[in-house]
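1. got a structure for you, letters missing:
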């Protein structure tokens, strides 16, 4: 039986996720290597960032990056003012390689990510949130089906990203 699971990214396995990609029509995310570099910088600054490979048995099929109460690009970031961003978890990156999409693995992996967050690795939190482009219909449907609620008042037109929040 095929089993989806998460493995913490380490110096020994980070290469597993470097060549995973979404489809050309889904180019919504930074590449995984850039995400790992950003995670390292944020972690070095003393913040909580968790990176995982998503595996199907032994095969790497995806990547996830989760932050807790992380800083944004600058102190004037628009998200800082919203109720759902402080002392909460943020699913910063989540992707399933294009070869493994539309097979239910994303839903399974997201469930594991939420289980990890609910274990309070940094601290207990009331919310987990994420963002997606409104034209990313697949992600929008997936997150809504799990219970994420869009926060239209926090939509940033310049970034074309809709935040969505799930109460834990």
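-> Arrived safely, thanks for sending. The structure presented is a predicted model; accordingly, all values stated were derived computationally and were not measured.
2. Phi, psi for the closest residue to residue 3 other than its chain neighbours please.
-> In this structure, residue 3 finds its nearest non-sequential neighbour in residue 57, 5.9 Å apart by Cβ to Cβ, 6 or more residues apart in numbering. No exception for glycine: its C-beta is placed from N, CA and C like everyone else's. Main-chain dihedrals, residue 57, degrees, to the nearest 10: phi 60, psi -110.
3. What separation do you get for residue 57 and residue 114?
-> 21 Å (Cβ to Cβ, to the nearest Å).
4. higher neighbour count, those two?
-> Legend: neighbour count by other Cβ atoms under 10 Å for residue 57 and residue 114, higher for residue 114 (18 against 10).
5. For that one, which three-state class applies?
-> Per DSSP: H, G, I helix; E, B strand; the rest coil, the local secondary structure of residue 114 is helix.
6. Report the separation between it and residue 102.
-> Counting by Cβ to Cβ, the gap from residue 114 to residue 102 is 21 Å.
7. before we move on, back to that, pLDDT wise, what is the residue nearest to residue 3 at?
-> Confidence at residue 57, expressed as pLDDT, is 95.
8. cool, and residue 4?
-> 97.
9. Kindly confirm whether my reading is correct that it touches residue 106.
-> No: shown here, residue 4 and residue 106 do not form a contact pair, counting by Cβ atoms under 8 Å, at 9.2 Å.
10. which regions of the chain lie under the pLDDT threshold?
-> Along the chain, segments meeting pLDDT under 70 span 1, 24-29, 71-81.
11. Where do the helices of it begin and end?
-> Under the criterion DSSP state H, helices of the chain are mapped to 15-18, 32-44, 105-118, 137-146.
12. List the buried residues of the shortest one.
-> When you say that, I think you mean helix 15-18. By neighbour count on 16 or more other Cβ atoms under 10 Å, the buried set for helix 15-18 is 16-17.
13. The residue lying closest to residue 114 once chain neighbours are set aside: neighbour count?
-> Nearest non-adjacent residue to residue 114, counting by Cβ to Cβ, 6+ apart: residue 128, 6.9 Å away. Residues near residue 128, counting by other Cβ under 10 Å, number 22.
14. Distance of residue 87 relative to residue 165?
-> Taking Cβ to Cβ, one finds residue 87 at 13 Å from residue 165.
15. Please say which of the two ends up with more neighbours.
-> Shown here are residue 87 and residue 165; by other Cβ under 10 Å, residue 165 has more neighbours (22 against 13).
16. correct me, but that one touches residue 89?
-> No: taking contacts as Cβ under 8 Å, residue 165 lies outside contact range of residue 89: 10.5 Å.
17. is the residue nearest to residue 114 in a bridge, and if so with what?
-> Legend: beta-bridge partners of residue 128 under DSSP bridges are residue 89, residue 166.
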